[in-house]
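Asks: Pasted the sequence and its predicted model underneath.
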Amino acid sequence: MRNALDHWRTVAPSIVFWYVRLSGFLSIIAWISSDLIQDLLGIWALRWLVLLGWAPSLPYGLALVLLSYGIRRRKKAAWRIVCVLFGAVFLLSVIAALDPTGRTGNALLAAATGLVFAGLLASRDTFDTLPDRANRRLALRVFTGFLVVGVVVGGLLVAATDTDPVGGWWTHVVYAVSQSTFGAAVTGHPVGVQVPSWVDGVLGVLGGGLLVLTVWALFKPAHGEAILTFEEELTARRLLAEYGEEDSLGYFALRRDKDVCAAPQGKAAVSYRVEGAVCLASGDPLGDPDHWDSAIAAWLAMCRAHAWIPGVLSAGRRGAGAYARHGLRALLLGDEAVLDPAAFRLTGHAMRQVRQAVRRTRRAGYTVRVRRHAGIDPGEMAGLVADADRWRDGATERGFSMALGRLGDRADGRCVMVEAFDRDGTRRGLLSFVPWGRAGLSLDLMRRDRTADNGLTELMVATLAAEAPSLGVRRISLNFAVLRSVFEQGGELGAGPVLRLGYWVMSFASRFWQLESLYQSNAKYRPEWVPRYLCFVTSRDAVRIGLAAARAEGFVPTLRKPPLAVAAASPELLAAIDEVEEAAEAARAPSRRLSDEEEARHGKLAEARALGIEPYARTYGRSHTAHALRELFDGLEPGTRTGAVAEVAGRITRLRRHGGLCFAVLRDETGDVQVLLTAALPSYAAWKALIDVGDRVGLRGEVICSDTGELTVSAASWTLLAKCLRPAGRSVKAGRRGPVTDVGLLRLRAAAVGAVRDALRARGFLEVETPMLHRVHGGAAARPFRTRLGAHDLPLYLRIAPELYLKRLLAGGAGPVFELGRSFRNEGLSARHSPEFTMLEAYEPGGTYDTMADLVRHLVVEAARAALGTSVLDRPGLSCDLAEPWRTVTVHGAVSTALGAEIDPGTPAADLLGHAAAHGLAADPDWSAGRLVVALFEHLVEGALTGPTFVRDFPAETVPLARPHARDPRLAEKWDLIVGGLEVGTAFSELIDPVLQRVRLTEQSLLAAGGDPEAMDLDEDFLRALEYGMPPAGGLGLGMDRLIMTLTGRPIRDVVAFPLPGRGREPLLGVGFAGHPQRPDQEGDLEWQPRLRDEAQRQRLVLPVARHPHVRGEHRGEQPGGGEPAEPAGARDGHRGGHREFRDPAQVRPRARCAGQALGDDGVELPGRDEVQRPRHGEQRAQPQRRGLGAVGGLCHGGKLTHESLSG
């Protein structure tokens, strides 16, 4: 019952609205022609019209029609008047119905008006529009004034036309008032006046006008002049300063003829102006998008309270969606042109019109100046305002949603002015832009001298786009094109009749307003079109909202003309604006939340400065390193005091306090040394108060040997070199992201790389450098990184391999050359792959892949001896002496052994597909026999090759840059070096036949054109160099990262100083230290990873437990020789990969391999060896995924065409 009553209260106003409106229309019709109304009532289907409360009176009918608008807008005054009218009609109808001689229609009318009266009473709470006392006073004045006029004019007219003046003068006045107010139905014989019918018509018109004006004055929208108050402007500016990036039209909310309705929380607001009965909002709401809904709800509540029709002009896509959530409908209004200055170019056929205009105006001597409004002198700004007024097209200043309406206001200092000057220095055009957040501009004003050369606007826009970076601008909003799609599609071939009609209508309208010309003037810049919407509640409101928008934008004449003049901003407003912008800048600054320990360290930093101690010293000298000190004073007896003074410096890794003594372990790049401070030291209190584990300090004191036999520096003074603000070693991932570089690994890597470089130089190789940026990506089958040279709009690639450039040097007569440098491949991250990596490529005239095998063996042995002090590798999964001869197998022979069936270069692809299916390899039926052989090798053989192995003679179709084999042209003279299941290097006998090379690279380019992202492009420069003649040569590629991985057993992230962090944080200073949590029984203790020694016999070499998941049995958790599963690597010490320590390689004992599913770099389980990805059609290589190591295949650090890219 309650729900039904609530529903009735909701729908009753609508029922009353239509009842009152139809009654008013029938009253007007009956006043015009009584015969017509009788004919209507004679129609059976319209007999229900007798239920309406009409009377043949023009004033009464007009009053009812106007009152119906008040009812629809929920006006309380309209509700009261209608209640009085229909209450009276109801009573009269009841009295008439009770008369036995009355008509039946009176009872029906009484019932109908009774229901209407009851509906009005039941829905009285819905008429909640705020009253406006000013409207009441205005209505009373209008009624009184027009009544006096009607009485005077009507009385004189009746007196002049009365044909039977039997009554007194008062009868003329009464007749005029009655006829004007109530109509002819209540006048005539009782008054005793006889006038012509046209006099009654004139009196009815006067009465109708009286009632129309009175009701209009009573029910007109209650609003004052829109003025942006001080508080509203500050609210809008605060929201724009914080969230101004959301909408390009946001700054136009600061027009001084707008109001702002803020959300209750103050986090968002709606900018609007009332035009007639329409409350017109513009653009998206201001502020936090999460609070837009509350701002829109507040704005709609305000509209309901004042009986305004809500409408939104030029809402963006996101803003229109927010308004739609509150019941408004969205209609596409047009599109906004947005330029990206970084991508804006004058090159290309599409920009020909703009390019020609810019060139023409520049040749004519025009120049452009771009600057902020804040940098313009007030006198010069006055000249700009005068020019803008003089060049304005028409007397009306247009704009509402996309115009600021003022120029030269000191509060708009961040606006940008673009001025164009002719050869004589006379200003001939200007553009003014308002800020769009911090990095955008939105066009406000566009003016040009009509006598200036064509193309001036294009010159200004192009210059602004060129200078945008210096202004910090990343996007520019130009003009708005109304119904752009109509202009764009309506004139095209095949446009439908609706589009053609729309195009014709818009073209006709363009004769009066700049519609099509605005679209064309923006389209030539090739902008991004951003849609804008018109939002309204109901379709019947769309027309009124459209007219209100046209008035606001200046397309419909209005009595108000906003002047284009410099607004006087008060000093208080300017000061408040500065505070708002400063607060917004401070809020935008990146902030970080400090832990309790970090806050304590920051407090000690401030305390040190307060004590006059500089926490970050300018310089500090030391006399000895830790290693040198140990060498010099080795073998001291406990308790010895040498009397020698030493100065040491380093980072504190341990800190222990024992009463008046404090021991600390100091670490530098060579090792550790203990230091001692006593309470007798004057600065001991400061040491205790300020120093933490991780701080860098310098100490000077006597060298002694402690009672426990530890070499110690007894400090006589100390200096704080650098305060450590971040606790070191507390993170589980500190070993990868800690703030200290693993110096030992860096030295090992440097020794290995240096040995390789020295060995090549000793053999007469010339080290060269080739470009990192390539116009054509080639030299390897890999997906490249793409970039663009902005100055010339030139697409470029980061190099995937230097091979083609090095071969061009050989063709030019450079002799043996090599390059050690970085290459880049846009591929995944894994324990073996990195998008950027270091690789060696070496080319020797007269060499072959056989000579390259001797060279690479020499280089690897030299690198091992320099880095490890030995050529012996002994760890789980790999135990060998690199100096001994290496195993050599052929691809077909190795695959035949794994299959248990003989295959050779002539084996059909169908047979190979059968073998692949039998061994769980998902192969594409379209693959060639060569690709299948390589895929089978990677799937079955590669991971099981532990010792150094040369795999030779690959199918020729898979190696387009290698020479065909001397004995069998179906093969290529290429080998891959596999160590521990990991491809370390590759080498070719280089293909120097330019004709055959062109054929192969053309095939590759066709694959690239077909969508293969890893296929090589056709490099004409390289082919032209080959056509000059390149000497026979052997080429070698050696991955330096993978070489260090082989020597140390570490994953790739551990052997580079700054591994790519993926989705995590950037490493701070390097691969880091191995930090352990502090033990509770120690005041401060940081166990740092022991550094690699200078000599293998003197210090410990720390290496991780190697993980080689391709060795058979590991995925089942078996040890190599059987037995129980071993403990996973790192399970004890908390470090990925674990560690084992030894002093001498001869002391190393074999250790069980870690078992179980291997983990990737981020601790996520990786696919097993039986989970193989199916390559895409047209790929050059298979991409099997193996346990814990990602895609592993014939990897080529030399940058040659392989079956898997070398990404590390």
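Replies: That came through fine.

Asks: drop to CA atoms for contacts and neighbour counts, all remaining ones
Replies: Fine.

Asks: Give me the contact list for stretch 321-338.
Replies: 292-293, 296-297, 314, 320, 475-485, 522-523, 527-538 (C-alpha atoms under 8 Å, 6 or more residues apart in numbering).

Asks: for it, which positions count as buried?
Replies: 321-323, 328-338 (16 or more other C-alpha atoms under 10 Å).

Asks: before we move on, what about stretch 452-467?
Replies: 452-453, 455-465, 467.

Asks: likewise stretch 751-762?
Replies: 751, 752, 753, 754, 755, 756, 757, 758, 759, 760.

Asks: Send over that stretch as CSV, restricted to the C-alpha atoms.
Replies: Output in CSV follows, covering the C-alpha atoms of stretch 751-762 (Å, rounded to 0.1, in the frame of the first residue of the first chain):
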residue,chain,number,x,y,z
ALA,A,751,89.3,-9.7,-15.6
ALA,A,752,87.6,-12.1,-18.0
VAL,A,753,86.6,-9.3,-20.5
GLY,A,754,90.1,-7.8,-20.3
ALA,A,755,91.7,-11.2,-21.0
VAL,A,756,89.5,-11.7,-24.1
ARG,A,757,90.4,-8.2,-25.3
ASP,A,758,94.1,-8.7,-24.7
ALA,A,759,94.1,-12.1,-26.4
LEU,A,760,92.5,-10.7,-29.5
ARG,A,761,94.9,-7.8,-29.6
ALA,A,762,97.8,-10.1,-29.2
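
Asks: And the average pLDDT for stretch 712-720 is what?
Replies: In this model, stretch 712-720 has a mean pLDDT of 96.

Asks: same thing with stretch 1016-1032?
Replies: Per-residue scores along stretch 1016-1032 average to 89.

Asks: next one: stretch 421-438
Replies: Stretch 421-438 comes out at a mean pLDDT of 93.

Asks: Make 27 the first number, not 1, from now on.
Replies: Got it, first residue is 27 now, which makes that one stretch 447-464.

Asks: distance between it and the chain's centre?
Replies: 30 Å (C-alpha atoms, centre = their mean, to the nearest Å).

Asks: Outline the domain layout of this structure.
Replies: 28-152, 159-245, 256-354, 367-499, 623-753 (automatic domain parsing).

Asks: Include distance to residue 959 when you put those domains into TSV, please.
Replies: Below are the domains of the chain laid out as TSV (distance: least, C-alpha to C-alpha, whole Å):
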stretch	distance to residue 959
domain 28-152	78
domain 159-245	89
domain 256-354	55
domain 367-499	46
domain 623-753	50
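
Asks: quick one, which of those is packed in tightest?
Replies: Counting by mean count of other C-alpha atoms under 10 Å, domain 256-354 has the highest mean neighbour count of those, with a mean of 22.

Asks: contacts for stretch 276-287?
Replies: For stretch 276-287, contacts defined as C-alpha under 8 Å, 6+ apart pick out 251-255, 258-259, 262-263, 266, 270, 295-299, 308-312, 321, 324-325, 426-432, 460-462.

Asks: Mark which of the residues you listed are part of strands, please.
Replies: 295, 296, 297, 298, 299, 308, 312, 460, 461 (DSSP state E).

Asks: Between which two of the residues you listed is the distance greatest?
Replies: Spanning the widest gap among these are 299 and 461, at 21.6 Å by C-alpha to C-alpha.

Asks: Pull out the CA atoms of the host helix or strand of residue 613 and give them to me as CSV.
Replies: Per DSSP states H and E: residue 613 is located in helix 597-614. Taking Å, rounded to 0.1, in the frame of the first residue of the first chain, the C-alpha atoms of helix 597-614 are listed here in CSV:
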residue,chain,number,x,y,z
PRO,A,597,46.1,41.8,-5.0
GLU,A,598,44.3,39.5,-2.5
LEU,A,599,43.2,37.2,-5.3
LEU,A,600,46.7,37.1,-6.9
ALA,A,601,48.2,36.2,-3.6
ALA,A,602,45.7,33.5,-2.9
ILE,A,603,46.3,32.1,-6.4
ASP,A,604,50.0,32.0,-5.8
GLU,A,605,49.4,30.0,-2.6
VAL,A,606,47.2,27.6,-4.4
GLU,A,607,49.8,26.9,-7.1
GLU,A,608,52.6,26.6,-4.6
ALA,A,609,50.6,24.1,-2.6
ALA,A,610,49.8,22.1,-5.7
GLU,A,611,53.5,22.1,-6.7
ALA,A,612,54.4,20.8,-3.3
ALA,A,613,51.7,18.1,-3.5
ARG,A,614,53.0,17.0,-6.9
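
Asks: chain center to that helix: distance?
Replies: Mean C-alpha position of helix 597-614 versus that of the full chain (C-alpha atoms, centre = their mean) differs by 27 Å.
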